[in-house]
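Enquirer: Curious how this folds, go ahead:
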Amino acid sequence: MPYRILVPLWLCLVAALPGNIASGQDVAKSAATSIFRQASLSTSPSIVNARRSASDGTQIRVTVQYLMVDSKTRNEIYAGLDRQSIISSLQPPRDRERVDLAQALPRVSMTQTIHAPARVTSYTLSSTEFNDVLSKAVASPDSWVKVAPKLFLLDGNDAEMTDLVQRPFVIGFQAKDQSVEPLTHVLDEGTRLRMIANFSDAEPGVPPAMELQCELTVMRILDVKTDTVFGIADEPLTTQVPVQQITTASASRMLASGQSLLIDPHVSKARAIGPEVGNPILSKLPYLNKTFRNAGPRTVEQHMILLLQPSIELESP
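Expert: Got it, this is the predicted structure:
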């Protein structure tokens, strides 16, 4: 089904969450395997901008591609780019805020924060560089390319694309009416992409340049630990302690016709690649097949790279 700009489009894949649960320990066991998946694609054109773009006959179609590339392919991609045009921004860890003990504090309180430096890299790709980056990712057996639905933008309008998995975790328990009830907290895992484009003035019939602004948010569950709670029930209760990482990368570039935007949020993930592989001929020879086969699967560190390829479409007079 084609994606249209004038009406919001929502694509939802829903898995039912657990219903009423009597045992808190059963919740802790089942919550980790219960997920709620939601994918959405929406635009929010304003009336003023919609009329202006409609009169100009101009709209933007953005092809979104997520690349997950291994370290070797990532290095090869950057080696083929102009080093002077690569822009990186570093956000150092924030300083810890001290609590004023002179103020009234609750009887028991605790704050847990994980700080780490964050970095984002962006680059304006020519059509030749875009094809080179994509071909390197496709050619690598340890990389893959995910093509997302196309986004349609009018001048000055924003669009959002999400692909999230919502995972519930039992983070605590509370006593209520002679029973113990679990406290469930839902965390998102996946990506959220927001974009807005603004045209520059151009001569009639000539594709204008545009400023493309985007924000990529990557949410991941790094680990799920367990903790023991005392004093609520006769026996100790086990809770979950999920560790979530949220990375937000923003970039803004002025793009001419035929140019694309590369965004590297410096987010990586270990992934198991493939089963046992081997030479297609030698691996089938009796007695020699084990010599020419590699045991798998292998664990590969993959890095996310986002490619945004806008095309400005002009209606013929």
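
Enquirer: What is whichever strand or helix holds N75 packed up against?
Expert: Element membership of N75, judged by DSSP states H and E, is helix 71-79. Counting contacts by 3 or more C-beta pairs under 8 Å, 6 or more residues apart in numbering; DSSP states H and E, helix 71-79 packs against helix 127-139, strand 298-314. In short, each C-beta sits where N, CA and C put it, glycine included.

Enquirer: List the buried residues of it.
Expert: By neighbour count on 16 or more other C-beta atoms under 10 Å, the buried set for helix 71-79 is 73-74, 76-77.

Enquirer: try stretch 251-259
Expert: 251, 253, 255, 259.

Enquirer: Pull the most distant pair out of these.
Expert: Greatest spacing in the buried residues of stretch 251-259, by C-beta to C-beta: A251 and Q259 (13.3 Å).

Enquirer: Now for these two: what residues contact both?
Expert: Counting by C-beta atoms under 8 Å, 6 or more residues apart in numbering, A251 and Q259 have no common neighbour.

Enquirer: Same list (the buried residues of helix 71-79) but as TSV, adding distance to L187 and pLDDT.
Expert: Shown next, in TSV, are the buried residues of helix 71-79 (distance: C-beta to C-beta, whole Å; pLDDT from 0 to 100):
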residue	distance to L187	pLDDT
T73	30	97
R74	28	97
E76	35	97
I77	31	97
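
Enquirer: hmm, back to that, can you check which of the helices and strands packed on helix 71-79 gets nearest to I221?
Expert: Per C-beta to C-beta, nearest to I221 of these: strand 298-314, 15.6 Å.

Enquirer: now the closest one, how far from the centre of its chain.
Expert: 11 Å (C-alpha atoms, centre = their mean, to the nearest Å).

Enquirer: Report the angle between that strand and helix 71-79.
Expert: 40 degrees (axes from the mean of the first three to the mean of the last three C-alpha atoms, to 10 degrees).

Enquirer: Could you shift the numbering so residue one becomes 9, and keep it that way?
Expert: Understood, numbering begins at 9; the last thing we discussed is strand 306-322.

Enquirer: Taking the centroid of this protein, which residue is nearest it?
Expert: For the chain, T199 is the residue whose C-alpha lies nearest the centre (C-alpha atoms, centre = their mean; 2.6 Å).

Enquirer: and it, how far is that from P273?
Expert: 10 Å (C-beta to C-beta, to the nearest Å).

Enquirer: so what sits against both of the two?
Expert: With C-beta under 8 Å, 6+ apart, T199 and P273 have common neighbours 224, 226.

Enquirer: Confirm for me that W152 is in contact with D78.
Expert: No: between W152 and D78 there is no contact under C-beta atoms under 8 Å: 10.0 Å.

Enquirer: Helix or strand: which one has the closest residue to Q252 other than its chain neighbours?
Expert: Excluding the flanking residues, the one nearest Q252 by C-beta to C-beta, 6 or more residues apart in numbering is L195, at 5.2 Å. For L195, the host element (DSSP H and E) is strand 187-207.

Enquirer: who does the helix or strand just after that strand touch, helix- and strand-wise?
Expert: Counting by DSSP H and E, the element after strand 187-207 in chain order, helix or strand, is strand 218-237. Here strand 218-237 touches strand 166-184, strand 187-207, strand 245-263, strand 268-272, strand 306-322, going by 3+ C-beta pairs under 8 Å, 6+ apart.
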